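Q: Sharing a model prediction with you, sequence too.
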Amino acid sequence: MKIFTSPGKYVQGPKILKTNLAMITAYGKQAIIVTDSFVWEMIGKTFNENLQKEAIATTIILLDKQSPNKDENPIVCREEAIDFVIALGGGKAIDFGKAVANKQKVPVIVVPTAASTDAPTSAISVTYDDKGFFQSYHYYDKNPDLVFVDTDVLVNAPVRMLKSGIADGLATFIEAEAVAKSHGKTLAGGTQTIAAHALAKTCEETLFFYGKQAIAANEAQAVTPAFEAVVEATTLLSGLGFESGGLAAAHALQNSFSSIEGEIQKKTHGEKVAFSTLVQLMLQGDSEERMERFITFYQSIGLPTTLNELGLGLSDKELLSLCEKTVDSEDTMKQMPMKITGNDLFWAIRATDSYVKMKVSAHK
């Protein structure tokens, strides 16, 4: 059974938080805004004032001000009637906003403040155990009702966030291609559609074609056609592509990397995905031409391509143990079109690191 899923509506453009507010206020008169203190000061106060001018009553949840005790958390305990939830910010705000809306059975509007991940469009959050090791994907009843992407806000976000989103997006087709070959199950709950595969491919093509132009635009804080194209690719194309196209080795390894203490935790999600994507290419025996296309592009925009750049300070024994946990978990490594063992993954990581170093030395 094939399944394709998507948000109810996706809207993108500059200054739409000011010019198209009616698309948000149409959802009701009582709203919860889930955000954090930094985003609140940056754009949240003004956004909230504009909502109140339209007679929208809002309750503000600042995630960094909440009790770590779930039983004391107002997000969990909230009982008053609300019409909709606005998730304003990055990944944590988006995940919490989806969770609140799902609990309350009301619409959720996602307003991202950076193009750093493809989380805004999906009906999914990732959960980890107390040690930070991947546990599972949490699936909500439906995708966000509205994804509202103000590119005037995103162009003022740190350039590192856009680079991270590009790296995350460049994994989308690599993983969707593997899932298609294995006839595997996607995160939407079924097998892959032609549409999801095509969107994932278009995502990759767009990022390679416009990626560097978009980074330059971000550095200049200029909303250009290239910037708009890359934001759409990292947010919409990658979001639809990963959820309905499927994930494989790259994100499974990234999830494991997120459980390690040390320098690697200073890396963003996308930066870890960048190296993990190279490892997947090595695992599946891709061509040197394809490997080098990714390596060259990553290096040109400052993404990590070696273990040292990634900050992975593990002994061989520790790395092998991590690899064995990765392949034994209920993560998406199982969607690869071939059986992957802990040893396979270990040597693919080492070989990727060695291959990149060899290429760097050859060009000196």
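A: Nice, thanks for sending it over. None of the values given here were measured: they were computed from a predicted structure. Residues are numbered from 1 along each chain as shown.
Q: And the one helix or strand N218 maps to, what's buried?
A: Secondary structure from DSSP states H and E places N218 in helix 194-220. Using 16 or more other C-beta atoms under 10 Å as the burial criterion, the residues of helix 194-220 that qualify are 196-197, 199-204, 206-207, 210-212, 214-215, 217-218. No exception for glycine: its C-beta is placed from N, CA and C like everyone else's.
Q: Where does V126 sit: helix, strand or coil?
A: The three-state assignment at V126 reads strand, by DSSP: H, G, I helix; E, B strand; the rest coil.
Q: Report the beta-bridge partners for it.
A: With DSSP bridges applied, V126 shows beta-bridge pairing to Y137.
Q: OK, contacts around it?
A: Contacts for V126 (C-beta atoms under 8 Å, 6 or more residues apart in numbering) come out as D95, F134, S136, Y137, H138, N255.
Q: again, but for S125
A: So S125 contacts D95, K98, A99, A119, Y137, H138, Y140 (C-beta under 8 Å, 6+ apart).
Q: And it, how far from P107?
A: 17 Å (C-beta to C-beta, to the nearest Å).
Q: Check T58 too.
A: Distance, T58 to P107, by C-beta to C-beta: 15 Å.
Q: Of those two, give the one with the bigger neighbour count.
A: P107 (20 against 16; other C-beta atoms under 10 Å).
Q: Looks like P158 contacts T113 (just checking).
A: No. The pair P158 / T113 is not scored as a contact, 10.6 Å apart, by C-beta atoms under 8 Å.
Q: And those two? Which one has more around it.
A: Higher neighbour count among P158 and T113: T113, with 24 against 11, using other C-beta under 10 Å.
Q: which strands and helices sit next to the helix or strand encompassing A229?
A: Using DSSP H and E, A229 sits in helix 225-232. Other elements packing on helix 225-232 under the criterion 3 or more C-beta pairs under 8 Å, 6 or more residues apart in numbering; DSSP states H and E are strand 9-13, helix 151-154, helix 159-182, helix 194-220.
Q: out of the ones you listed, nearest to A274?
A: Closest to A274 of those is helix 159-182 (C-beta to C-beta; 4.0 Å).
Q: Pull out the buried residues from the closest one.
A: Neighbour-count burial for helix 159-182, counted by 16+ other C-beta under 10 Å, picks out 159-180, 182.
Q: With stretch 296-305 instead?
A: Neighbour counts over stretch 296-305 (16+ other C-beta under 10 Å) mark F297, Y298, Q299, L303, P304, T305 as buried.
Q: which of those are the two that sit furthest away from each other?
A: Maximum distance among the buried residues of stretch 296-305 (C-beta to C-beta): 12.8 Å, for F297 and P304.
Q: Check the gap between Q52 and M336 for me.
A: 50 Å.
Q: which one of these two has more residues nearby?
A: Ranked by neighbour count (other C-beta under 10 Å), Q52 and M336 place M336 first, with 22 against 11.
Q: what pLDDT does Q66 get?
A: We have a pLDDT of 66 for Q66.
Q: go on, the one 3 residues further on?
A: In the predicted model, N69 carries a pLDDT score of 45.
Q: Next: H138.
A: H138 carries a pLDDT score of 85 in this model.
Q: wait, it sits on I124?
A: Yes. Using C-beta under 8 Å, H138 makes contact with I124 at a distance of 6.8 Å.
Q: And the two? Which one has more around it.
A: I124 (20 against 14).
Q: mind listing what that one touches?
A: With C-beta under 8 Å, 6+ apart, I124 has these contacts: Y137, H138, Y139, Y140, L187, E243.
Q: farthest-separated two in those residues?
A: Farthest pair in the contacts of I124, by C-beta to C-beta: H138 and E243, 13.1 Å.
Q: For the closest residue to L88 other than its chain neighbours, give its distance to F84.
A: Closest residue in space to L88, ignoring its immediate chain neighbours: T35 at 4.2 Å, by C-beta to C-beta, 6 or more residues apart in numbering. Relative to F84, T35 is positioned 15 Å away (C-beta to C-beta).
Q: pLDDT value on E72, please?
A: We have a pLDDT of 42 for E72.
Q: in what helix or strand does the closest residue to A195 other than its chain neighbours lie?
A: Excluding the flanking residues, the one nearest A195 by C-beta to C-beta, 6+ apart is F4, at 5.6 Å. Counting by DSSP H and E, no helix or strand carries F4.
Q: do you know how far F4 is from S315?
A: F4 is 44 Å from S315, by C-beta to C-beta.
Q: next one: M333
A: 22 Å.
Q: Neighbour count: the two, which is higher?
A: Taking neighbours as other C-beta under 10 Å, M333 and S315 compare with M333 leading, 25 against 8.
Q: Surely that one is in contact with A250?
A: No. When contacts are counted by C-beta under 8 Å, M333 is not listed as touching A250 (9.7 Å).
Q: give me the number of residues near E49?
A: Neighbours of E49 using other C-beta under 10 Å come to 10.
Q: my read is T58 is in a strand, agree?
A: Yes. Counting by three-state DSSP, T58 is part of a strand.
Q: domain ranges for the protein?
A: In the domain annotation for the chain, the residue ranges read 9-154, 248-359 (automatic domain parsing).
Q: Start and end of the last one, how far apart?
A: When the termini of domain 248-359 are compared using C-alpha to C-alpha, to the nearest Å, they are 26 Å apart.
Q: what about it, distance to the chain center?
A: Relative to its parent chain, domain 248-359 has a centroid offset of 17 Å by C-alpha atoms, centre = their mean, to the nearest Å.
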